[in-house]
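[1] No letters, just coordinates:
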């Protein structure tokens, strides 16, 4: 990094922090601190919702996901627009009518205190872990690439977030997320433009898409019913729908964003805005990853993108064998470049040569084989090392090929995204702890100022816990998948509780509580035996289905439990909890 990159990076981050503190300090009551005094316009709600979901993991992992596996990951988001419609029609009117501070308050009014507490605790566990991951993700990758101290970087990211979140609460999060989304979108657009600019002169965007297609990177839709296929149209439209419904409808980090809207309509318009823009945004980020792949068909590429693993190999007895593989890759890259240029020449003559497409596919398979051999060496050097280097692809491209100044901006994009998601997570963790656990169980009367300060202290507490989780973190396959796996383990059960609360008035408190406990236990078992014990990624079941299974299982168990209760003699349905 050059001096100008440091200047751009530091000034961008400091501006976000001080802007958030300056604009939002001095909350007088709980409504102002937790709900932003319900003054947020719809477009700010929409940007805040998008920024909350678009963590640093999105911008580090998603391009790498596309680089290796193509555009198929976009199917994960196919259920999102439908989920936005359902939440806007059902969840938002109820939340606003009941004037709740958190989503879990609704559950006590509908069921009882133990159901509210149980779901709040499930949220705190998964969101605490998730917030730690959103801090850890950029820290581990940037520390590996730039040589920065991992623990120090983790603490810096966490503390920056805690400063303005402690000061201004939800209003500070909403205000800063507008700036962060502008920086994020600007950085992505500039990166996409420069990739196109760096491609060979005779090459068009259409040519680039043909090269990506010849290497199976443009297979967007998969209509197969194989449960082992992680991303298909069906897993996205069902499992993805239930995940998004639970995340946006019951996760306080998102619910808190639109509860701060001026009214029902403003909140609904913000969510619908997210529904319209989120899938195209993810498509664009994946497309950047595909374009990075095309770029590397004409430029040198490392055998393994994770510099930590490479450094370990260079100091081992396998260094010579690894160097031999690197030489093979250099020769192969020259051959790929030659055939790609020939393929472009044919395309410019309106001829998509099938022989050349097959040749490019064969060269791509040969490259995969060489990289797999490198991964075997990584494992021999360190059996615990993470061989999957998807998360390092995009940051490698940024640091080695983008011009001075823009590197600092792109690093600011990554850290801004980390701060954005982490801030929403901390605000949600603090407000849930303060309102659903602390305030609900305090016996004596306390002032508004007391609860504002309590929420602030819980912000600091959860900030410390998230940093602690981040410092203990370790890479697991692909970071964006890790976040979604953690969510999928818990979201299904929580969503099932809310679906029963909204739609099945026949079910009472005891039925839903014990059904949720059994369902969550079952999900832990299913995850362990169908997914966790297959670390290579060869799962018997895609993690996306956990959302569907958890929610449906909770609903069915609650209906069955309530049916048996009602069949017992002398049961008073109208008053039974």
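    Now that the structure is in, tell me what you want to look at. No experiment lies behind these values; they were computed from the predicted model shown. Numbering: from 1, shown residues only.
[2] Low-confidence stretches in the stretch 1-150 of the chain?
    1, 23-28, 55-57, 141, 144-145 (pLDDT under 70).
[3] Would you point out the helix or strand in this protein whose mean pLDDT is lowest?
    helix 30-35 (a mean of 74; mean pLDDT, DSSP states H and E).
[4] Mind giving me the packing neighbours of whichever helix or strand comes after that one?
    The helix or strand immediately downstream of helix 30-35 is helix 42-53, counting by DSSP states H and E. Using 3 or more C-beta pairs under 8 Å, 6 or more residues apart in numbering; DSSP states H and E as the contact test, the elements touching helix 42-53 are helix 150-198, helix 252-259, helix 264-295, helix 406-432. In this view, the C-beta of every residue, glycine as well, is placed from N, C-alpha and C.
[5] Same list (those helices) but as a markdown table, adding distance to residue 100 and mean neighbour count.
    Shown next, in a markdown table, are the helices and strands packed on helix 42-53 (distance: least, C-beta to C-beta, whole Å; neighbours: other C-beta atoms under 10 Å):
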| stretch | distance to residue 100 | mean neighbour count |
| --- | --- | --- |
| helix 150-198 | 14 | 21 |
| helix 252-259 | 7 | 27 |
| helix 264-295 | 13 | 21 |
| helix 406-432 | 11 | 27 |
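[6] need the ones you listed in TSV with distance to residue 235, can you?
    Below are the helices and strands packed on helix 42-53 laid out as TSV (distance: least, C-beta to C-beta, whole Å):
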stretch	distance to residue 235
helix 150-198	26
helix 252-259	21
helix 264-295	15
helix 406-432	24
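[7] what about those, which gets the closest to residue 8?
    Ranking the helices and strands packed on helix 42-53 by proximity to residue 8 (C-beta to C-beta) places helix 406-432 first, at 3.3 Å.
[8] and the angle from that closest one to helix 42-53?
    100 degrees (axes from the mean of the first three to the mean of the last three C-alpha atoms, to 10 degrees).
[9] let's number from 262 now, not from 1
    Yes, from this point I'll number from 262; that puts the last item at helix 667-693.
[10] what is the mean pLDDT for the helix or strand following helix 667-693?
    Per DSSP H and E, the first helix or strand lying C-terminal to helix 667-693 is helix 701-702. The pLDDT scores in helix 701-702 average 83.
[11] what element comes up after helix 701-702 heading to the C-terminus?
    Using DSSP H and E, the next helix or strand after helix 701-702 towards the C-terminus is helix 709-733.
[12] ok, and for that following helix, which residues are buried?
    712-713, 715-717, 719-720, 723-724, 726-728, 730-732 (16 or more other C-beta atoms under 10 Å).
[13] What helices and strands are in contact with the helix or strand just after it?
    Following helix 709-733 in sequence order, the next helix or strand is helix 740-764 (DSSP H and E). Applying 3+ C-beta pairs under 8 Å, 6+ apart, one finds that helix 740-764 makes contact with helix 317-330, helix 366-371, helix 374-407, helix 500-511, helix 770-788, helix 806-828.
[14] Contacts for the fourth one, please.
    Outside of helix 500-511, the residues within contact range by C-beta atoms under 8 Å, 6 or more residues apart in numbering are 310, 314, 336-341, 343-345, 347-348, 352, 364, 380, 384, 515-516, 532, 535, 745, 748-749, 752-753, 755-756, 759, 803, 805-809, 811-812.
[15] what's the angle from it to helix 525-556?
    Angle between the axes of helix 500-511 and helix 525-556 is 140 degrees (criterion: the same axes, to 10 degrees).
[16] So residue 362 versus residue 322, what's the distance?
    Applying C-beta to C-beta, to the nearest Å, the value for residue 362 to residue 322 is 33 Å.
[17] Compare these two and say which is more crowded by neighbours.
    Neighbours per residue, other C-beta atoms under 10 Å: of residue 362 and residue 322, the larger number sits with residue 322, 28 against 24.
[18] Just give me the closest of the buried residues of helix 709-733 to residue 552.
    residue 731 (30.7 Å).
[19] For the closest one, give me its contacts.
    By C-beta under 8 Å, 6+ apart, the contact list for residue 731 reads 393-394, 396-397, 400, 415, 419.
[20] Identify the residues contacting residue 353.
    519, 525, 528-529, 532.
[21] Switch the residues you listed over to TSV; also include pLDDT and distance to residue 452.
    Formatted as TSV, those follow (pLDDT from 0 to 100; distance: C-beta to C-beta, whole Å):
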residue	pLDDT	distance to residue 452
519	88	30
525	88	38
528	91	32
529	93	33
532	91	28
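[22] right, and the pair among the residues you listed with maximum separation?
    525 and 532, at 10.8 Å, using C-beta to C-beta across the contacts of residue 353.
[23] if I read this right, residue 480 contacts residue 331, doesn't it?
    Yes. At 5.5 Å, residue 480 counts as touching residue 331 under the criterion of C-beta atoms under 8 Å.
[24] How many residues are close by the closest residue to residue 620 other than its chain neighbours?
    Using C-beta to C-beta, 6 or more residues apart in numbering and skipping residues adjacent in sequence, the residue nearest residue 620 is residue 600, 5.5 Å away. Per other C-beta under 10 Å, the neighbour tally for residue 600 reads 17.
[25] Also residue 611?
    6.
[26] and residue 622, what pLDDT?
    In this prediction, residue 622 has a pLDDT value of 90.
[27] how about it, what does it touch?
    475-477.
[28] Going by neighbour count, which of the residues you listed are buried?
    Neighbour-count burial (16+ other C-beta under 10 Å) applied to those gives 475-476.
[29] Can you lay out the contacts of residue 622 as JSON lines showing distance to residue 454, secondary structure and pLDDT?
    Below are those laid out as JSON lines (distance: C-beta to C-beta, whole Å; DSSP: H, G, I helix; E, B strand; the rest coil; pLDDT from 0 to 100):
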{"residue": "475", "distance to residue 454": "24", "secondary structure": "helix", "pLDDT": "89"}
{"residue": "476", "distance to residue 454": "23", "secondary structure": "coil", "pLDDT": "88"}
{"residue": "477", "distance to residue 454": "26", "secondary structure": "coil", "pLDDT": "86"}
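[30] List the buried residues of stretch 769-780.
    Those would be 769-774, 776-777, 779-780, for stretch 769-780 by 16+ other C-beta under 10 Å.
[31] thinking again about what came up before, I'd like to know which elements the least confident helix or strand of the chain is packed against.
    Looks like helix 291-296 contacts helix 411-459, helix 513-520, helix 709-733 (3+ C-beta pairs under 8 Å, 6+ apart).
[32] Of these, which is nearest residue 682?
    Once these are compared by C-beta to C-beta, helix 513-520 is nearest, at 8.0 Å.
[33] Measure how the closest one sits relative to helix 525-556, angle-wise.
    Angle, helix 513-520 to helix 525-556, by the same axes, to 10 degrees: 130 degrees.
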